[in-house]
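Chemist: Below: sequence and its predicted model.
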Amino acid sequence: MDARPTLTPAAELAARSPVRFPNESPEYRAARTALLAEELELRRHLERVAQQRRDLPPGGEVRGDYQFEGEEGRVDFAGLFRDKQTLGVYSYMFGPQRERPCPMCTALLGPLDGNAADLDQKMSLAVVARSPLDKLLAFKRERGWRNLRLYTDLNGNYSRDYFGLLPNGDEIPAYNVFTRRDGVIRHFWSGEMTGDSADPGQDPRGAPDLVPLWNFLDMTPEGRGGDWYPSLDYRK
């Protein structure tokens, strides 16, 4: 028996909206109401996808020799969980060959630092890169990050196994979620949208997009465009 509630059609909900703005035209209101119906459908689709993600069967058991160093010292993979049952690990494109980290990754991590203390109430969050720890912490201080936990991948095994580092040595951003249940650590989910799955004229990105910057630009007339990317320094 299907226990899901019967939802009011999105077009009907959109037509009921009482929101009106000064001096808007009938053409604007008609187009905005049609867009609102699509936005409602998008919200519902995002929730269906989130539920499908939560319903995934158990992923592969984590068995590799993964060693990290953070501000609290050396830890193994289990140590990244601290006292939580769920762990999120972001693979930061800041390998030893880079003098400065990836600006796109940094644009994601900046706002995430503001939410890290909140997230820590529900899960453990770690940022893993391959540069030496002192280099990572120097950049953390430069950005004024207070809450993100940065770790260096001491032997590179984690980065290679969980797609922060490709076989040819290229770095890519990756976000993986792991669970610890009854003492067993398993992989739960990772973003798997790659450049090969990008639509024509678009940069590869996941859905929903994890970077607030792009979501805000998507709500402007100009959109995110295709010829501008975040920088580490705008004072030039």
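Modeler: Received, thanks.

Chemist: separation between R186 and R63?
Modeler: Relative to R63, R186 is positioned 10 Å away (CB to CB, to the nearest Å). Glycine gets a C-beta too; all of them are placed from N, C-alpha and C.

Chemist: roughly how far out does the biggest helix by length in the chain sit from the chain middle?
Modeler: Identified as the longest helix of the chain according to DSSP state H is helix 26-54. Mean-position distance between helix 26-54 and its chain equals 21 Å (CA atoms, centre = their mean, to the nearest Å).

Chemist: That helix: which residues count as buried?
Modeler: Within helix 26-54, the residues scored as buried using 16 or more other CB atoms under 10 Å are R32, L36, A37, L40.

Chemist: The residues you listed into a markdown table, with extra columns for distance to L13 and pLDDT?
Modeler: Formatted as a markdown table, the buried residues of helix 26-54 follow (distance: CB to CB, whole Å; pLDDT from 0 to 100):
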| residue | distance to L13 | pLDDT |
| --- | --- | --- |
| R32 | 14 | 98 |
| L36 | 8 | 98 |
| A37 | 7 | 98 |
| L40 | 6 | 98 |
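
Chemist: Specify which member of those residues is nearest to P22.
Modeler: Taking CB to CB as the measure, P22 sits nearest to R32 out of these, at 13.8 Å.

Chemist: so who does that closest one touch?
Modeler: The contact partners of R32, by CB atoms under 8 Å, 6 or more residues apart in numbering, come to E24.

Chemist: Would you mind measuring from it to A14?
Modeler: Distance from R32 to A14, by CB to CB: 9 Å.

Chemist: swap in R53?
Modeler: Counting by CB to CB, the gap from R53 to A14 is 27 Å.

Chemist: What lies in contact with the helix or strand that contains R160?
Modeler: In the assignment (DSSP states H and E), R160 maps to helix 157-161. Helix 157-161 has contacts (CB under 8 Å, 6+ apart) with 64-68, 77, 89, 91, 128, 130, 153, 164-165, 167, 171.

Chemist: Could you identify the buried members of those?
Modeler: For the contacts of helix 157-161, buried by 16+ other CB under 10 Å: Y66, Q67, F68, F77, V89, S91, V128, R130, D153, G164, L165, E171.

Chemist: quick one: average pLDDT of the helix holding R160?
Modeler: Helix 157-161 shows a mean pLDDT of 98 in the predicted model.

Chemist: With stretch 214-229 instead?
Modeler: 91.

Chemist: Between the two ends of that stretch, what distance do you get?
Modeler: 10 Å (CA to CA, to the nearest Å).
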